[in-house]
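Q: Pasted the sequence and its predicted model underneath.
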Amino acid sequence: MARYTGPKTKIARKFGEPIFGSDKSYERKPYPPGQHGNSKGHKKTSEYGVQLKEKQKAKYTYGVLERQFSNLFDKAHRSHGVTGEVLLQLLESRLDNVVYRLGIAPSRMAARQLVSHRHIVVNGEVVNVPSYQVKSGQQVGVRERSKSLEVITNSVSRQSRYSWLEWDASSLTGKFLNVPERTDIPENIKEQLIVELYSK
């Protein structure tokens, strides 16, 4: 299973924000990595460089590799909506992301692992594909025998609420009510730059 396994703090410093969540190492050094990371005189980034950086940020944020991201963009481009918004909606609809948003896992990487290790069910059936696209009305929950896992119980106790998701704490099950609107998605991603990059 292909996934990014490199240093997270270095990537967060490159984008200037903690895209992988709370990170004490990032807080100590919130400037770009490398010998000249903390120096004031930075070379102006080209238009292409800015667009590429935004695409890379989206990829790392959602834990998607290049080919998957490119396929999702093609799918978004073929849809009837605004390409950039649809791309983010497709990323938000991934099963690993939904598990993370529901608060079942503390990070997207942990959510991906829970899905891959068969701890997650969709409409009562085990699904072990992190990229599975959850549809409106589907229920995503924790497999019965996995409900006592420490990583899950700890995470659920400090979950956030999102308008497009419904959560039942008694059964550890959430419902994907609808695809979120762009204004509801909290990620700091300028999707129009990604569209411009792929349009070249």
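A: Sure, I can see it.

Q: For residue 133, which residues count as its bridge partners?
A: Residue 133 has the following beta-bridge partners by DSSP bridges: residue 94.

Q: what about it, distance to residue 106?
A: 23 Å (CB to CB, to the nearest Å). The way it works is simple: take the backbone N, C-alpha and C, and place the C-beta from them, glycine included.

Q: cool, residue 136 as well?
A: Going from residue 136 to residue 106 by CB to CB gives 26 Å.

Q: In terms of neighbours, single out the busier of residue 133 and residue 106.
A: residue 106 (18 against 13; other CB atoms under 10 Å).

Q: How about the secondary structure of the nearest residue to the more buried one once chain neighbours are set aside?
A: Residue nearest to residue 106 in three dimensions, not counting chain neighbours: residue 155, with 4.6 Å by CB to CB, 6 or more residues apart in numbering. Counting by DSSP: H, G, I helix; E, B strand; the rest coil, the backbone at residue 155 sits in helix.

Q: what about residue 155, how many neighbours?
A: 21.

Q: Which residue ranges make up the domains of this structure?
A: Domain assignment for the chain by automatic domain parsing gives 8-34+44-85+186-198, 94-178.

Q: Now mean pLDDT too, for those domains, in CSV please.
A: Converted to CSV, the domains of the chain look like this (pLDDT from 0 to 100):
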stretch, mean pLDDT
domain 8-34+44-85+186-198, 83
domain 94-178, 95
